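Undergrad: My questions concern the predicted model and sequence given below.
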Amino acid sequence: MPSKINFQQKEAEFKGKYKQQLFRTLKMAYAPFIGKIFLLFGIGFLGRLALLFNTNLIGYWVDSFCQTSNCKPPPQWFLSWTSHDYIPALFILCLIGFVFTLIFRIGFSRLSAFAISRIYDEVTFRTSRYPLSFFDTTPAGRVITRFSSDYGNVFRLFGGPLAEFIALIFDLIVMILLITIASPYYLVLVFIVAVLNYWVFKLHQEGIRVERRELSVSRSPSIAHFAETAVGASTIRTYLRQASFLKRFLNLNDVFLKQRLKTFKKLTLFSFQISSVTSLLLLVTGFTSYLLLQWGFVSVGAIGVAFTFIMLSGSTVQTFFEWLAQLDEAMVGAERLDHYLHLPIEPGERLPAKAEFITPHWTATSPPVCSVELSSLLTPKGLSGINAKSSSSEFKADIRFDKLSFRYREDLPWVLKNINLEIKAAERVGIVGKTGSGKSSLIQTLFYLYPLTQGQITINGYYPYLNAESPPNIHQINLVDYRKLITLIPQDPILFCGSLRDNLDLSAMHADTELVTNLERVGLSDWFKNLPKGLDYNIDERGKNLSHGEKQLLCLARSLLKNCPVVVMDEATASVDPQSEQIMVEATQNFFAGRTQLIIAHRLSTLENCDRIVWLQQGEIHSVGTPSEILPRFTQKHRNEVIVTC
């Protein structure tokens, strides 16, 4: 079995040509704008045609002055034109070309930016629904690279530069058309330079793509290490480990810089060879023009037009293939984002019914939606709906752990072994055990945050529908509905950057008066009155502008608002002051009276009022009994490992 470190360091490898899946994703991203894009293509083409036709018009103007035998008259339509006709025509064509090109560049760049942003938004949406095992085994730097560097490359090159690239295609088409009008003999030279540039491009394409893929992969380790260092800055300084962390960062960054230099050398060689082909073309064009003029095949004006376009087409072809190589960098970034777009999401999780990016994931309507409504789980107990304004005594939900065994991955040991436990509705159950006994894992399996290895967990006889390969039975409900039955108050309270209102009412379903009432219930009345903006008070990321006790009480108020029949407290009183702890204990007795409660605590005094205590040891149930039966025995055995308060 591979070790965890190797598993985490493994990065998705992309080789060879881009998969059709990537092009389907790009097509879906641009689909809403396709009509406007084709209209802009037409405007852009006409703009380039107007600008470049000036060269032909100047050639006709020059031929109108020519008096030698090598002269050819301009086309019939321009025979009567004088300088007074050519000058305003040139001005009008320039104006039209400039305006149309500007409309195309700005319009297409905006639409392309919107399209790429849709991929970013969708990848963000999918990533937030990945299984927790993904975040357990994926370094943060790798995820950050996807959403910063990879997306930055895609957005930077698919916006204005892509419009520039398409304009180059328009220029090449228009040049071929206008060279044909001026003198078709030069088409041979254009064809030759195009073939030579294409050959140089294909010669370097795979090598450049490989180097860019390696560059993307080499970037994430240094970012991950930097993020890890920033989070653990206090510990690093306490143990005086700055030098070792800096050394490791420099080593990782050195790998990235070497790969960057290697990629730069590859691109420089490619650009030099492309430029050499263009220089050779100019020499051949000059010699060819002299011969064609001597033989009487072209006029002086036609030579000027053709030579101008040959120079332009040479540099345009060169720029075209250089941009094509640059777009390859964007495709590498898009490829990596597309990889995240198609990763499996959490079993039982569903995408919206009208998902804009079609992937094999479940949607809200396929596979079949479970026929069991959320309210029917609790109706036999007297509750008409999960959000009903009911007394707490009506919230009845029993929990059953049936032959539950669990481990986080196949290469890791079992953390829960054959757990059989039935918790009656409205029962208050405490869970004790030393560190590593499986307490938190039991809670995670209750939420189905990880796939159960063996066994089943049910609430009122129901469990989530997770397997799309078989139709749901009468005892299965949707995962989202299942989780609505449970609320969690964790040891480390999680608050988000945003207003106090948004942190209390995550579903935006409650009136402000309800929010204030629940703040008062948990003892935050005075604290709330002193806030400068009330419910609009801004909370920093992870609640950094609040004390731990304040954060924990806000999580308690949030759980009261959620109004769930099952309440889980996972070490909720471990790091709070005595006053906050007392409020938390009262919550288990009063606020959550009649609810089914699972309480994990190191402070055994918080478990004295439980109906039963479950003692876990090495992932197994050691014993179950009343607090007076279990707590003294547990304290005696682990007196050096627990904190007992009176």
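TA: In hand now; what should we look at?
Undergrad: From now on I want contacts and neighbour counts done on CA atoms only, so please keep to that.
TA: Noted.
Undergrad: now stretch 90-98, how far from the centre of its chain.
TA: The chain centroid and the centroid of stretch 90-98 are separated by 44 Å under Cα atoms, centre = their mean, to the nearest Å.
Undergrad: neighbouring contacts of that stretch?
TA: By Cα atoms under 8 Å, 6 or more residues apart in numbering, the surrounding residues in contact with stretch 90-98 are 46, 47, 48, 49, 50, 51, 53, 54, 57.
Undergrad: what's in contact with stretch 126-135?
TA: For stretch 126-135, contacts defined as Cα under 8 Å, 6+ apart pick out 340, 341, 343, 344, 345, 346, 347, 349, 408, 449, 450.
Undergrad: What residues of that stretch count as buried?
TA: Buried residues in stretch 126-135, counted by 16 or more other Cα atoms under 10 Å: 126, 127, 129, 130, 131, 134.
Undergrad: cool, and stretch 142-149?
TA: Those would be 142, 143, 144, 145, 146, 147, for stretch 142-149 by 16+ other Cα under 10 Å.
Undergrad: burial measure for residue 533, as a count.
TA: 12 (other Cα atoms under 10 Å).
Undergrad: quick one: it from residue 398, how far?
TA: Distance, residue 533 to residue 398, by Cα to Cα, to the nearest Å: 41 Å.
Undergrad: just residue 510 next, same as before
TA: Taken as Cα to Cα, the span from residue 510 to residue 398 is 27 Å.
Undergrad: Which of the two has more residues huddled nearby?
TA: In this view residue 510 and residue 398 are compared by other Cα under 10 Å, and residue 398 has more residues nearby, 19 against 14.
Undergrad: dump the residue contacts of residue 75.
TA: Residues near residue 75 by Cα under 8 Å, 6+ apart: residue 60.
Undergrad: about what we covered before: now the two most distant members of the contacts of stretch 126-135.
TA: Largest separation among the contacts of stretch 126-135 by Cα to Cα: 341 and 408, giving 23.7 Å.
Undergrad: and the host helix or strand of residue 251, average pLDDT?
TA: Assigned by DSSP states H and E, residue 251 falls within helix 242-294. What helix 242-294 shows for mean pLDDT is 76.
Undergrad: chain center to it: distance?
TA: How far helix 242-294 lies from its chain's middle: 32 Å, per Cα atoms, centre = their mean.
Undergrad: What is that helix packed up against?
TA: helix 187-231, helix 300-341 (3 or more Cα pairs under 8 Å, 6 or more residues apart in numbering; DSSP states H and E).
Undergrad: and after the first one, which helix or strand comes next?
TA: What it means is helix 187-231. helix 233-238.
Undergrad: how far does that next one sit from the chain's center?
TA: 31 Å.
Undergrad: So which residues make contact with that helix?
TA: Applying Cα under 8 Å, 6+ apart, the contact partners of helix 233-238 are 229, 242.
Undergrad: going forward can the numbers begin at 703, since that is how I track them
TA: Shifting the count to begin at 703 puts that one at helix 935-940.
Undergrad: Now it: buried residues?
TA: Within helix 935-940, the residues that qualify as buried are residue 938, counting by 16+ other Cα under 10 Å.
Undergrad: now stretch 905-921
TA: 907, 910, 911, 913, 914, 915, 916, 917, 918, 919, 920, 921.
Undergrad: What's the first helix or strand after the helix or strand that contains residue 1271?
TA: Assigned by DSSP H and E, residue 1271 falls within strand 1268-1272. Counting by DSSP H and E, the element after strand 1268-1272 in chain order, helix or strand, is helix 1280-1288.
Undergrad: Check which residues of that following helix are buried.
TA: For helix 1280-1288, burial by neighbour count (16+ other Cα under 10 Å) applies to 1282, 1283, 1285, 1286, 1287.
Undergrad: Sheet partners, orientation included, of the helix or strand following that helix?
TA: The element immediately downstream of helix 1280-1288 (helix or strand, assigned by DSSP H and E) is strand 1298-1302. Applying DSSP bridges, strand 1298-1302 is found paired with strand 1130-1134 (parallel), strand 1268-1272 (parallel).
Undergrad: Now tabulate those strands in CSV and tack on distance to residue 879, mean pLDDT and mean neighbour count.
TA: Output for those, formatted as CSV (distance: least, Cα to Cα, whole Å; pLDDT from 0 to 100; neighbours: other Cα atoms under 10 Å):
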stretch, distance to residue 879, mean pLDDT, mean neighbour count
strand 1130-1134, 81, 92, 25
strand 1268-1272, 74, 90, 23
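Undergrad: Which stretch among those strands approaches residue 859 most closely?
TA: Of all those, it is strand 1268-1272 that lies closest to residue 859, at 47.5 Å by Cα to Cα.
Undergrad: would you put the C-alpha positions of that closest one in CSV?
TA: What follows is strand 1268-1272, C-alpha atoms only, in CSV (Å, rounded to 0.1, in the frame of the first residue of the first chain):
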residue,chain,number,x,y,z
VAL,A,1268,-30.8,15.6,16.7
VAL,A,1269,-28.2,17.7,18.5
VAL,A,1270,-24.5,16.8,18.5
MET,A,1271,-22.0,18.6,20.8
ASP,A,1272,-18.4,17.6,20.0
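Undergrad: Check for me that residue 1189 belongs to a helix.
TA: No - Residue 1189: not assigned to a helix; according to DSSP: H, G, I helix; E, B strand; the rest coil it is strand.
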